[in-house]
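>>> sequence-free structure coming up:
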């Protein structure tokens, strides 16, 4: 009888641990607005919205050449 009580207690504890673990791991991941703003800022730099003019010492962000001026639209 004593062994059955110990076994039942261990089974109940194991079920409670598994239930708590699954509740913690199954909640939806939240994405805050700062993360979305950072993603948008990184993606915004990928589009070409300007042009480079002349030959000089400024790095052109669009092709990497040394230019005189960079114009952004």
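Okay, I see it. Here the structure is a predicted model, which is why all the values come from computation and not from measurement.
>>> Can you list the low-confidence ranges for this protein?
27-29, 44-48 (pLDDT under 70).
>>> biggest helix in it by residues?
helix 2-25 (DSSP state H).
>>> following that one, which helix or strand shows up next?
Using DSSP states H and E, the helix or strand that follows helix 2-25 in sequence is helix 33-44.
>>> neighbours of residue 67, just the number please.
20 (other C-beta atoms under 10 Å). All C-beta atoms are positioned from the backbone trio N, CA, C, and that covers glycine.
>>> List the contacts of it.
By C-beta atoms under 8 Å, 6 or more residues apart in numbering, the residues touching residue 67 are 52-56, 58-60.
>>> Confirm it sits in a helix?
No. Under DSSP: H, G, I helix; E, B strand; the rest coil, residue 67 sits outside any helix and is assigned strand.
>>> Name the residues of stretch 51-61 that are buried.
Judged by neighbour count using 16 or more other C-beta atoms under 10 Å, the buried positions of stretch 51-61 are 52, 60.
>>> Give me the distance from it to the chain's centre.
Centroid displacement of stretch 51-61 relative to its chain, using C-alpha atoms, centre = their mean, to the nearest Å, is 33 Å.
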